[in-house]
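> fold the following and give me the result.
(2 chains)
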Amino acid sequence: MQTGKLSVWSKWFLSLGFFFLYAPILILVIFSFNKSELVTVWAGFSFKWYGELFRDPQMLGAAWISLKIAFLAASAAVVLGTMASIVMVRMGAFKGKVAFTSMITAPLVMPEVITGLSLLLLFVAMGQSLGWPGQRGMLTIWIAHVTFCTAFVAVVITSRLQELDESIEEAAQDLGAPPWKVFFLVTLPIIAPALMSGWLLAFTLSLDDLVIASFVSGPGATTLPMQVFSSVRMGISPQINALATIIVGLASIAVLLAWWFARRTQIKSVNISG
Amino acid sequence: MSKLGARCVIAVPYIWLVMFFLVPFIIVFKISFSEMQYAIPPYTDLVTWADEVLTIKLNLGTYAYLINDDLYFRAYMSSARIAFIATVCALLIGYPIAYAIARADTATRNALLMLVMLPSWTSFLIRIYAWVGILKNNGLINNGLMGIGIIDEPIAMLNTEFAVYLGIVYAYLPFMVLPIYTNLVKLDNSLLEASADLGCSPWKTFLTITLPLSKAGIIAGCMLVFIPSVGEFVIPEMLGGAETLMIGKVLWQEFFNNRDWPVASAVAIVMLLLLLVPITFFHRYQARELGS
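Predicted structure coming up:
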């Protein structure tokens, strides 16, 4: 598509679009520093809601559980998602490939209530007949998150693998490298940025999930979104604004860093080729 | 790749998906035919073996109940309607944004794309919660309008269907913009030049060339918004109030409040059947994108 200066119309649409996307977030951030209990009336600057947030043991406990699950789920999803991508891109037709691609793409759009319910019923049925998992909690949430995150990771890695020049891998193979060596020494370093963004995507998806975790969780495993949801249901609380500000801040830093790294590698490759 | 190694690479994700994606649906299907009982688990077995008699008991009552109680029919219809209207709104807002980004130069383009995606990296729940403070009766909009004196009484915005549309468009907008952008950016410029050279107005060029060629992106974007919105729970729960009927909320209530697992399962199965057409549509598009 033709690129160049943006027309007046384009600028208008972009400004309105970004205003719509960012105004609500900005309002949350501003009111997190509000002294008043009321979330919509400004009464002066204060850090007191941050103090309350960090003194809330339930919130901190839930955040810790969520971070642990997200870390473990993202790591497993990257491994499974990479395997799935290789199956889809590098391996020719095999029996059941259509079923395989369907199972990979379906979780992308599956309504969360259905995924959550179906996984819970599986865990209950397994508990009844196999005696495992005896109790639902972090492990069951982890399994559920790995399952739906794998789909997203597979999409990210697949698109990178498709761009990859197969001749490099073939060259390594022709020079006598066994397949596993080709993968670990040639393919993996090239697709590493895609693995990283896949991991980050899975991590945020897992950290963010309320519905599926609510279904498959058990006593003793309350994740951060579950904790936030129950406190929001009680009514609006400025503490949630403080939490929102922290999350927005961390996400912005992560995205900016990723962007900066991507730019640096881009500039580097331009320098090398030029 | 060696045969055994290749088999292993296929087998691990395959077994995982069959175990945790396919089998659960079969169990949901099975439980939708059982009866509720006050026990653990709260449903009856379909197949029993007692006194050398094998009994298979299929309870169709749950489905009959779904048909007879018009709550469910209304919930399905209103979910489909809300998701459809919200998808159209998201398309009308998302397309111009995607178009504008695709026309920018490469450096601006990446920055703009990053800005579109950034909100989705923050918590979904918290972004929906942000709208509660804006829309409620003593929220920012009403306070502002009453402060200037345009209105005397607050306009009811929270707990209306309007708030649900707003929430869906807000939360799912990046999923509309991204596939359309990916499609538009690949568009061959010479086609547009040819059309302009042959005397077409920019508007006509857009309608006859750009729009048809970005069809795949539009379909993908619409499916990515429509399908999850139909079963959406958080948005109608937080913004829609008691009057907004959506099937995701009904399923949640059947399961958590009424503890009626068979009804919840049947609701899920019917929802899945209704979504089968759009999901297949989406899958075909994805298979083409992902495929060899």
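
> what's the burial count for residue B:198?
Residue B:198 has 8 neighbouring residues, counting by other Cβ atoms under 10 Å in any protein chain shown. To be clear about C-beta, it is placed using only N, CA and C from the backbone, and glycine gets the same treatment.

> quick check: phi and psi on it?
phi -80, psi 10 (degrees, to the nearest 10).

> got a list of contacts for stretch A:241-261?
A:25, A:28-29, A:31-32, A:34, A:39, A:49-50, A:52-53, A:59, A:196-197, A:200, A:204, A:228, B:110-111, B:114, B:117-118, B:121-123, B:126, B:129-130 (Cβ atoms under 8 Å, 6 or more residues apart in numbering or on different chains).

> and if we set it to 6 Å?
A:25, A:28-29, A:31-32, A:49-50, A:53, B:114, B:118, B:121-123, B:126 (Cβ atoms under 6 Å, 6 or more residues apart in numbering or on different chains).

> nearest to residue B:29, of those?
residue B:123 (33.2 Å; Cβ to Cβ).

> could I get the phi/psi values of the closest one?
Torsion angles, degrees, to the nearest 10, at residue B:123: phi -60, psi 130.

> how near is residue B:79 to residue A:111?
Counting by Cβ to Cβ, to the nearest Å, the gap between residue B:79 and residue A:111 amounts to 10 Å.

> go on, residue A:57?
From residue A:57 across to residue A:111, the span is 34 Å (Cβ to Cβ).

> flag every buried residue along the helix or strand hosting residue B:268.
Secondary structure assignment for residue B:268, by DSSP states H and E: helix B:261-290. Buried residues in helix B:261-290, counted by 16 or more other Cβ atoms under 10 Å in any protein chain shown: B:261-272, B:275, B:278-279, B:281-283, B:285-287, B:289-290.

> what of stretch A:202-220?
A:202-218.

> which residues outside it are in contact with it?
Against stretch A:202-220 from outside (Cβ under 6 Å, 6+ apart): A:66, A:70, A:73-74, A:77, A:112-113, A:115-117, A:119-120, A:135-137, A:140-141, A:144-145, A:149, A:153, A:223, A:225-226, A:229, B:121, B:123-125, B:233.

> end to end on it, go ahead and measure it.
Start and end residues of stretch A:202-220 are separated by 24 Å (Cα to Cα, to the nearest Å).

> roughly how far is that stretch from the heart of the chain?
12 Å (Cα atoms, centre = their mean, to the nearest Å).

> so how far is residue B:282 from the closest residue to residue B:283 other than its chain neighbours?
Of all residues beyond its chain neighbours, the one nearest residue B:283 is residue A:105 (5.4 Å), with distances taken as Cβ to Cβ, 6 or more residues apart in numbering or on different chains. To residue B:282, residue A:105 is 7 Å away according to Cβ to Cβ.

> kindly report the same for residue B:250.
24 Å.

> is it true that residue B:58 lies in a helix?
No - using DSSP: H, G, I helix; E, B strand; the rest coil, the assignment for residue B:58 is coil, not a helix.

> show me the contacts for the residue in chain A that chain B sits nearest to.
Per Cβ to the nearest Cβ, the residue of chain A with the smallest distance to chain B is residue A:111, at 2.3 Å. Residues in contact with residue A:111 (Cβ under 6 Å, 6+ apart) are B:228, B:231.

> go on, the one 4 residues further on?
Counting by Cβ under 6 Å, 6+ apart, residue A:115 touches residue A:212.
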